[in-house]
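# The following block contains a protein sequence and its predicted model.
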Amino acid sequence: MPHDLYFPQDHLLALAQAAGTQLGLSPAHAQAIAQVVVAGQRDECHSHGLYRLLTVAQTIRAGKVRCDAVPVMTQRGRSIIRVDAQFGFSPLAFETGLPALVAAARENGLAALAINHCVHFTALWPEIEALTAHGLAALALTPSHAWVAPAGGKQPVFGTNPIAFGWPRPGPYPYVFDFATSAIARGDLELHRRAGTQLPAGCGVDAQGAPSRDPLEIMQGAMLTFGGHKGSALATMVELMAGALIGDWNSQQSLAHDAGAGAAPAHGELILAFDPVAFGNRPLPELQQMAESLFSSIEVQGARLPSQRRFAARERSAQAGIAVSAGLYAEIQALRSSP
Ligand code: NDP
Ligand code: PYC
């Protein structure tokens, strides 16, 4: 019977960092990656928690990432920050651009961070929360590998293409949503495959285009977008705004570059930061009050805000330790001692 073990955050950070270093990552990359995967585990986002270190390992072993890449930041005009990740993993590139993005958003009201040539495997909400912590609203988009068919089609074109948004609230937690534009994230499909379980209906088709709930069959066929033509259009927008707009690969090019290696996608990411004070021309608490009344009218009817499950998990983890299944813990330990 699988069971969970519980660990203090510092223990998992040290383990994840040691595993990354053992895999060959520079200390800066190992640390940046440890932060995001442990945050995912802490918030019970299992598709983007410690499990993602297995993707990191696969990507390194396939030779599809530069383990010691040093991101290079440049600025165009006052509000476009570019960070070239030099084919390293994305978390360090984001850390590199964050201070300049915050400063440019403060100065101009709106600023963009375009990350180019990164290898990407993370959830987007850690980046969104890094911006809401500065009192900024934020939007992030990134393609992935072409696994998802357009509405009305059967051939994969889009990535799972997440869209994440955040709004700064008074108190410890912002308003944040963060979701794949596919009906299910690839990470969750992988977890179903590992567990030998079926997907919910409507997530994919087999190689003949027939509806399927089998992860392996869908991997041979195509995943589907959420919301039919609406998800399909949003996925297209992500390909354009975090692909062509920033002069980087789309999900088809990322998958072609992968050439069957099973590595994390390689492409760009677009992150926009908005200063509500500049747009609203009022003090932040006044603007936040307007937002709070919207949130109240959602919650008063028993509906929940996105990320509340995640924040509740964060509180539980702070009290009881971070839960990790015994099997996954053993796999991460094995990475730390791998040759
Ligand atoms: P989910 O469908 O699990 O959740 C999407 C969002 O909706 C979350 O903010 C979630 O909050 C919220 N939510 C869920 N249920 C409700 C509800 N009943 N009422 C209100 N809000 C709700 O996300 P996905 O599986 O689509 O994506 C998971 C992660 O995968 C994301 O973090 C995403 O960034 C990542 N991803 C990354 C990719 C990449 O290329 N790097 C590609 C695709 C996905 P809560 O978490 O609190 O439940
Ligand atoms: O879960 O779809 C996903 C995903 C793709 C890249 C990183 N996560």
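The structure has been received and is ready for your questions. Since the structure is predicted, the reported quantities are computational estimates derived from the model, not experimental observations. Ligands and ions are numbered 1, 2, ... in the order given.

# what's the first-to-last distance across stretch 20-35?
11 Å (CA to CA, to the nearest Å).

# next one: stretch 207-217
End-to-end for stretch 207-217, by CA to CA: 7 Å.

# what does stretch 217-227 give?
Stretch 217-227 has its terminal residues 21 Å apart, counting by CA to CA.

# Same check on stretch 173-184?
Span of stretch 173-184 from end to end, CA to CA: 25 Å.

# which residues of the chain fall in helices?
Secondary structure of the chain (DSSP state H): helices at 9-23, 27-42, 52-61, 90-108, 125-132, 186-195, 215-220, 229-241, 251-258, 276-280, 284-299, 308-320, 326-336.

# quick one: contacts of the fourth one?
Applying CB atoms under 8 Å, 6 or more residues apart in numbering, the contact partners of helix 90-108 are 28-29, 32-33, 35-36, 69, 71, 73, 75, 78-79, 81-85, 111-113, 115, 118-122, 127, 130-131, 134, 136, 269, 271, 273-275, 278. (C-beta placed from N, C-alpha, C; glycine too.)

# Figure out how far that helix is from the centre of its chain.
17 Å (CA atoms, centre = their mean, to the nearest Å).

# Tell me what angle it forms with helix 125-132.
20 degrees (axes from the mean of the first three to the mean of the last three CA atoms, to 10 degrees).

# could you give me the average pLDDT of helix 90-108?
Average pLDDT, helix 90-108: 98.

# Send me it as PDB with only the CA atoms.
The C-alpha trace of helix 90-108 is given here as PDB (Å, rounded to 0.1, in the frame of the first residue of the first chain):
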ATOM      1  CA  SER A  90      14.000  28.400 -17.100                       C
ATOM      2  CA  PRO A  91      13.900  29.000 -13.400                       C
ATOM      3  CA  LEU A  92      17.400  30.700 -13.300                       C
ATOM      4  CA  ALA A  93      16.500  32.800 -16.300                       C
ATOM      5  CA  PHE A  94      13.300  34.000 -14.500                       C
ATOM      6  CA  GLU A  95      15.300  34.800 -11.400                       C
ATOM      7  CA  THR A  96      17.800  36.700 -13.600                       C
ATOM      8  CA  GLY A  97      15.100  38.900 -15.200                       C
ATOM      9  CA  LEU A  98      12.800  39.400 -12.200                       C
ATOM     10  CA  PRO A  99      14.400  42.500 -10.600                       C
ATOM     11  CA  ALA A 100      14.500  44.400 -13.900                       C
ATOM     12  CA  LEU A 101      10.900  43.400 -14.700                       C
ATOM     13  CA  VAL A 102       9.600  44.700 -11.400                       C
ATOM     14  CA  ALA A 103      11.600  47.900 -11.800                       C
ATOM     15  CA  ALA A 104      10.400  48.500 -15.300                       C
ATOM     16  CA  ALA A 105       6.700  47.800 -14.400                       C
ATOM     17  CA  ARG A 106       7.000  50.300 -11.500                       C
ATOM     18  CA  GLU A 107       8.500  52.900 -13.800                       C
ATOM     19  CA  ASN A 108       6.300  52.400 -16.900                       C
END
